[in-house]
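Visitor: predicted model, plus sequence, below.
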Amino acid sequence: MAIKYGRPIELREVARGTGAVVPHALDLTVRPRRNRKAEWARRMVRENVLTTDDLIWPLFLIDGNNKREQIASMPGVERLSVDQAVVEAERAMKLTIPCLALFPYTDPSLRDEEGSEATNPNNLVCQAVRAIKKEFPDLGILCDVALDPFTSHGHDGLIADGKILNDETVAVLVRQALVQAEAGCDIIAPSDMMDGRVAAIREALDRTGLLDVQIMAYAAKYASAFYGPFRDAIGSAKTLTGDKRTYQMDSANTDEALREVELDISEGADMVMVKPGMPYLDVLRRVKDTFAMPTFAYQVSGEYAMIAAAANNGWLDGDRAMMESLLAFKRAGADGVLSYFAPKAAEKLRSQG
Ligand SMILES: NCc1[nH]cc(CCC(=O)O)c1CC(=O)O
Ligand SMILES: [Mg+2]
């Protein structure tokens with residue numbers, strides 16, 4: 001047969017009749033455009049859909065009260081004081097976005113070589129978790145585990161002699177995860193890419209009786225230029241020394257992503273993530289097909305900035321580019337997407353009914 005799936009073309013060698021009724025009509029049996037002829041017809045054959053359930057909304061936190069600060073490289077995204085984060089949490093609830101992700105801008109005076117503020121049970125993230133959970137206990141909260149918002153050098157781990165120390169870092173990450181979980185965080189999301197951190201965090205959570213706290217592992221996280229605006233947002237862009245290529249993955253690799261994901265699953269990850277998003281849809285598809293785990297993509301700050309900047313310049317239709325990019329994650333196998341577009345996309349989805 002000429003084609004593997006669909007209608008066997010040879011079997012359709014029925015007489016087509018001679019002389020088309022319509023002048024100049026091609027003698028075509030198969031016309032794929034028929035299924036696209038109207039919106040209702042396109043809806044009938046649509047293979048993937050985006051809903052508000054697919055969205056995780058990342059928020060940036062800053063110390064203070066009633067404070068909102070624009071982030072220059074992320075037009076439309078702000079740093080929020082805890083009370084304002086609670087306001088946005090209410091918006092998430094109304095928009096039926098299931099989960100927020102929290103990232104702190106740590107005051108420079110609180111940053112040090114060891115990132116000690118990460119394990120302060122009253123740090124900005126923990127304050128926000130408590131405040132949001134108090135008002136909206138049914139809203140999911142995800143907390144990032146890594147030291148970069150807290151270290152003076154901007155790295156995700158501890159450094160000695162210019163090297164990132166894996167095992168010593170994991171010990172600190174475990175304490176960071178515990179203070180977040182004890183504050184009420186639902187999903188611990190290690191983004192540091194140290195080896196063995198998922199197992200260590202799972203063991204510590206279980207030992208503490210925090211059996212229901214989930215782990216979403218940033219399992220295949222690449223060393224990427226697309227994190228630039230995020231580093232502005234959390235204030236690590238200027239201080240970061242060197243790059244993160246000894247722990248984040250080489251963007252040339254995909255087999256390695258499968259090995260990373262397999263390890264994190266075996267260590268106890270409940271969900272896995274591929275990051276960045278759009279430039280790595282091939283990785284996302286392989287991960288989903290290989291492991292059939294709840295699999296998430298992070299449409300990172302640089303991806304957001306590209307679309308937002310082009311839209312603000314009138315170079316593309318921002319809303320359509322946003323929706324198309326989010327649907328692409330679904331098509332590639334994602335169960336959900338962390339995206340700064342989350343509230344805007346949710347508003348659009350709900351206005352469409
Ligand atoms: N480890 C921290 C972390 N968690 C999420 C992002 C990036 C998110 C984004 O760009 O939107 C980063 C930055 C980094 O690894 O340098
Ligand atoms: Mg790993």
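Guide: Cool, got the structure. Ligands and ions are numbered 1, 2, ... in the order given.

Visitor: following the helix of greatest length in the chain, which helix or strand comes up?
Guide: For the chain, the longest helix by residue count, based on DSSP state H, is helix 166-183. Under the assignment DSSP states H and E, the closest C-terminal helix or strand after helix 166-183 is strand 187-190.

Visitor: and that following strand, how far from the chain's centre?
Guide: Distance, stretch centre to chain centre, for strand 187-190: 12 Å (CA atoms, centre = their mean, to the nearest Å).

Visitor: helices and strands around that strand, which ones?
Guide: Packing partners of strand 187-190 (3 or more CB pairs under 8 Å, 6 or more residues apart in numbering; DSSP states H and E): strand 140-145, helix 166-183, helix 197-207, strand 214-221. In short, each C-beta sits where N, CA and C put it, glycine included.

Visitor: closest one to residue 31 among these?
Guide: Nearest to residue 31 among those is strand 214-221; the distance by CB to CB comes to 40.7 Å.

Visitor: in the closest one, which residues are buried?
Guide: Residues of strand 214-221 classed as buried by neighbour count (16 or more other CB atoms under 10 Å): 214, 215, 216, 217, 218, 219, 220, 221.

Visitor: in a markdown table: those, plus distance to residue 111 and pLDDT.
Guide: Shown next, in a markdown table, are the buried residues of strand 214-221 (distance: CB to CB, whole Å; pLDDT from 0 to 100):
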| residue | distance to residue 111 | pLDDT |
| --- | --- | --- |
| 214 | 29 | 99 |
| 215 | 26 | 99 |
| 216 | 26 | 98 |
| 217 | 25 | 98 |
| 218 | 22 | 98 |
| 219 | 27 | 98 |
| 220 | 28 | 98 |
| 221 | 22 | 98 |
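
Visitor: mean confidence score for stretch 142-157?
Guide: Per-region confidence: stretch 142-157 scores 97 on mean pLDDT.

Visitor: helix, strand or coil for the closest residue to ligand 1 within the stretch 101-250 of the chain?
Guide: Distances between the stretch 101-250 of the chain and ligand 1 by CB to the nearest ligand atom are smallest at residue 230, namely 3.2 Å. For residue 230, the assignment made with DSSP: H, G, I helix; E, B strand; the rest coil gives helix.

Visitor: again, but for residue 241
Guide: coil.

Visitor: you'd agree it is up against residue 151?
Guide: No. The pair residue 241 / residue 151 is not scored as a contact, 10.0 Å apart, by CB atoms under 8 Å.

Visitor: neighbour count winner among those two?
Guide: The neighbour comparison of residue 241 against residue 151 (other CB atoms under 10 Å) goes to residue 151, with 26 against 11.

Visitor: so the more buried one bridges to which residues?
Guide: Beta-bridge pairing for residue 151 (DSSP bridges): residue 112.

Visitor: mind listing what the closest residue to residue 76 other than its chain neighbours touches?
Guide: Excluding its sequence neighbours, the residue lying closest to residue 76 (CB to CB, 6 or more residues apart in numbering) is residue 308, at 6.0 Å. When contacts are counted by CB atoms under 8 Å, 6 or more residues apart in numbering, residue 308 is found next to 74, 75, 76, 318.

Visitor: from the chain's centroid, how far away is the helix or strand where residue 308 lies?
Guide: Applying DSSP H and E as the criterion places residue 308 in helix 301-312. With CA atoms, centre = their mean as the basis, helix 301-312 stands 16 Å off its chain's centre.

Visitor: what's the next secondary structure element after it?
Guide: Following helix 301-312 in sequence order, the next helix or strand is helix 318-331 (DSSP H and E).

Visitor: now that following helix and helix 301-312, what's the angle there?
Guide: If you take axes from the mean of the first three to the mean of the last three CA atoms, to 10 degrees, helix 318-331 sits at 150 degrees to helix 301-312.

Visitor: who's in contact with helix 318-331?
Guide: With contacts defined as CB under 8 Å, 6+ apart, helix 318-331 is touched by 47-50, 54-55, 277-278, 281, 284, 297, 299, 303, 307-308, 310-312, 337, 339, 341, 344-345, 348.

Visitor: can you turn the buried part of those into a ChimeraX selection?
Guide: Selection of buried members from the contacts of helix 318-331 for ChimeraX, criterion 16+ other CB under 10 Å:
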select :50,54,55,277,278,281,284,297,299,303,307,308,311,337,339,341,344,345,348
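
Visitor: so of the contacts of helix 318-331, which ones are in strands?
Guide: Using DSSP state E, the members of these that fall within strands are 55, 297, 299, 337, 339.

Visitor: which two among those are spaced furthest apart?
Guide: By the measure CB to CB, 55 and 297 form the most distant pair in the ones in strands among the contacts of helix 318-331, at 11.4 Å.

Visitor: which residues are in contact with both of these two?
Guide: 336, 337.

Visitor: flag every residue of this protein that's near ligand 1.
Guide: Counting by CB under 6 Å from any ligand atom, the chain comes close to ligand 1 at 144, 146, 148, 156, 191, 192, 227, 230, 231, 244, 300, 301.

Visitor: so the third one sits in a helix?
Guide: Right, the one you point to is residue 148. No. In this structure, residue 148 is coil, not part of a helix, as judged by three-state DSSP.
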